[in-house]
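Enquirer: Sequence below, structure please.
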Amino acid sequence: MLDARILEKLKEIVGPENFATGAQELVCYGYDATQMEFLPDCVVHPDGAEQVSRVLQLANTEGFPVFPRGAGSGFTGGALPKGGGVVLVTTRMNRILRIDTDNLVAEVEPGVVTETFQMAVEKLGLFYPPDPASLKFSTLGGNVAECAGGPRAVKYGVTKDFVMGLEVVLPTGQIIRTGGETVKGVVGYDLTKLLCGSEGTLGVITKIIFRLLPYPASKKTMLTIFDSIDGAARAVSTIIKGKIIPTTLEFMDYATLTCVDRRFNLGIPEAGRAVLLIEVDGDPDLIEKQADEIHALIKPLGLVQFRVAKDAAESEELWKVRRLVSPSLRDVNPDKFNEDIVVPRSRVPDVIRRIEQIQNRYDIPIVNFGHAGDGNIHVNIMIDKTQPGQQEKAHEAIKEVFQAALDLGGTMSGEHGVGLAKQPFIPMELSADQIAAMRAIKKALDPNNILNPGKMLPLE
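Expert: Purely as a prediction, here's the structure:
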């Protein structure tokens with residue numbers, strides 16, 4: 001527990017209206033999408049780098065932990081105040097500072113909601129591609145801290161591919177800028193890339209410089225249904241071998257299709273065993289040609305249905321199949337563990353078969369969907385926590401799912417991060433020497449271990 005003297009100093013730094021110790025406020029900032037809960041001692045809402053710096057300087061002097069937090073939409077507990085301390089919320093820093101249409105860059109504060117930023121640049125004919133599922137409420141600072149991805153990653157990449165520079169408050173309170181607004185720049189270590197995906201353990205982001213693209217002239221959406229998982233997976237490789245890089249290649253397995261169709265009666269063909277939702281964007285004439293080429297390429301692969309949206313309304317209707325997945329899963333069981341493994345594209349059917357074996361071994365439902373274009377599969381282990389032994393089964397199944405991904409040349413997480421949830425499994429993927437190198441970086445930047453302690457790396 002922080003004593004009254006420290007609490008009073010924190011209140012002075014951010015102002016009484018931006019400081020909270022009430023029970024309701026502490027509960028609100030003590031949980032995320034993992035369903036884990038840890039109460040902080042207090043919550044502060046700084047308005048910029050100067051106040052963040054003063055909070056961190058005080059933390060180093062007095063020896064209390066600080067946990068940076070955006071909208072709290074994470075899936076791994078990366079912002080949770082385990083052990084108590086101060087939750088530092090960045091949502092007051094929510095301005096789009098400028099959008100430079102000449103140089104195709106924008107400067108923003110970390111509390112800007114992802115969708116708000118996308119809409120602002122699109123009004124100017126520009127495009128910010130990263131599109132995590134949480135875009136309607138997640139903040140850009142959190143996106144950078146977790147290196148968020150999304151369906152469009154297959155063509156455009158993930159958040160780190162669009163971050164050019166940062167203003168960051170280091171754990172000891174110094175304010176620095178990394179990177180810049182030029183496409184090229186190789187002076188010194190690339191601290192910008194180091195901080196992207198560091199989950200708030202190496203610094204608090206207070207400004208971000210993003211690169212932008214011209215907005216695509218048009219897009220075309222296709223819903224394709226196959227008679228097997230193998231056919232859908234082969235379709236992904238076949239399309240890319242055919243020199244077409246779609247904007248999105250979203251995958252849903254049979255268990256997912258069954259969930260969605262049972263609740264929403266979408267008329268999925270009886271022979272359907274897997275879905276690919278494919279979207280291409282660019283020049284109108286080019287994407288018409290690409291849609292025809294895609295149809296020809298995948299037709300021999302067990303294609304059961306091929307639907308092309310004629311306009312934006314029909315495109316939205318096709319995307320409905322994917323958007324209805326999450327609300328459908330609760331029909332399987334009330335509780336879920338949502339993992340985000342990645343394997344090479346060609347190994348998607350192999351990992352799905354391994355997951356089916358794990359499902360049968362533990363006798364718990366597992367539903368799979370995700371971004372087949374980059375091999376990122378969201379594995380949803382569905383349980384009922386009120387049933388004895390179900391949670392223990394889920395944890396064992398998760399470990400085996402991670403091992404399956406690693407055996408196939410993949411990784412345990414493509415976009416959700418490590419946080420607390422994946423922390424026990426880190427030695428499965430990283431060697432002792434890799435972990436030691438990362439610890440050395442953390443120690444150098446945060447010698448007193450005050451910034452988001454206990455995250456990202458395994459406990460010593």
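Enquirer: Am I right that Ile99 is in a strand?
Expert: Yes: under DSSP: H, G, I helix; E, B strand; the rest coil, Ile99 sits within a strand.
Enquirer: Okay, now stretch 324-334: how far is its last residue from its first?
Expert: One end of stretch 324-334 to the other measures 16 Å (CA to CA, to the nearest Å).
Enquirer: Show me what counts as buried in it.
Expert: Using 16 or more other CB atoms under 10 Å as the burial criterion, the residues of stretch 324-334 that qualify are 324-326, 328-329, 332-333. Where C-beta positions appear, they are placed from N, C-alpha and C, glycine not excepted.
Enquirer: And those residues, which is closest to Val66?
Expert: Of all those, Ser326 has the smallest distance to Val66: 32.1 Å, by CB to CB.
Enquirer: Is that closest one located within a strand, as I assumed?
Expert: No: using three-state DSSP, the secondary structure at Ser326 is helix, not a strand.
Enquirer: Under a three-state scheme, what state does the spatially closest residue to it that is not a sequence neighbour occupy?
Expert: Distances taken as CB to CB, 6 or more residues apart in numbering place Ala133 nearest to Ser326, at 8.0 Å, with adjacent residues excluded. Here Ala133 is coil, with the state taken from three-state DSSP.
Enquirer: Val14 and Cys42 touch, don't they?
Expert: No: judged on CB atoms under 8 Å, Val14 makes no contact with Cys42 at a distance of 10.1 Å.
Enquirer: How about the secondary structure of Val183?
Expert: Assignment for Val183 (three-state DSSP): coil.
Enquirer: Quick check: the residue nearest to Ser326 vs Gly150, distance?
Expert: 7 Å (CB to CB, to the nearest Å).
Enquirer: What of Asn94?
Expert: The gap separating Asn94 from Gly150 is 21 Å, by CB to CB.
Enquirer: for Pro427, same thing?
Expert: In terms of CB to CB, Pro427 sits 29 Å off from Gly150.
Enquirer: If you count surrounding residues, which of these two has more?
Expert: Per other CB atoms under 10 Å, whichever of Pro427 and Gly150 has more neighbours is Gly150, with 22 against 11.
Enquirer: which non-adjacent residue is nearest that one?
Expert: Asp131 (3.8 Å).
Enquirer: Burial check on Pro300, number of neighbours?
Expert: So Pro300, with other CB under 10 Å, has 11 neighbours.
Enquirer: who touches Val348 in this structure?
Expert: Val348 is in contact with 229, 233, 236, 251, 372, 375, 377, counting by CB atoms under 8 Å, 6 or more residues apart in numbering.
Enquirer: quick check: domain ranges of this structure?
Expert: Per automatic domain parsing, the domain ranges recorded for the chain read 4-89, 96-214, 218-327, 335-425.
Enquirer: Please, where are all the helices along the stretch 351-460 of the chain?
Expert: Shown for the stretch 351-460 of the chain, the helices assigned by DSSP state H, counting those that start in this stretch span residues 390-407, 426-429, 432-445.
Enquirer: List the buried residues of the shortest one.
Expert: Read that as helix 426-429. Counting neighbours by 16+ other CB under 10 Å, helix 426-429 gives 426, 429 as buried.
Enquirer: elements contacting it?
Expert: When contacts are defined as 3 or more CB pairs under 8 Å, 6 or more residues apart in numbering; DSSP states H and E, helix 426-429 packs onto helix 390-407.
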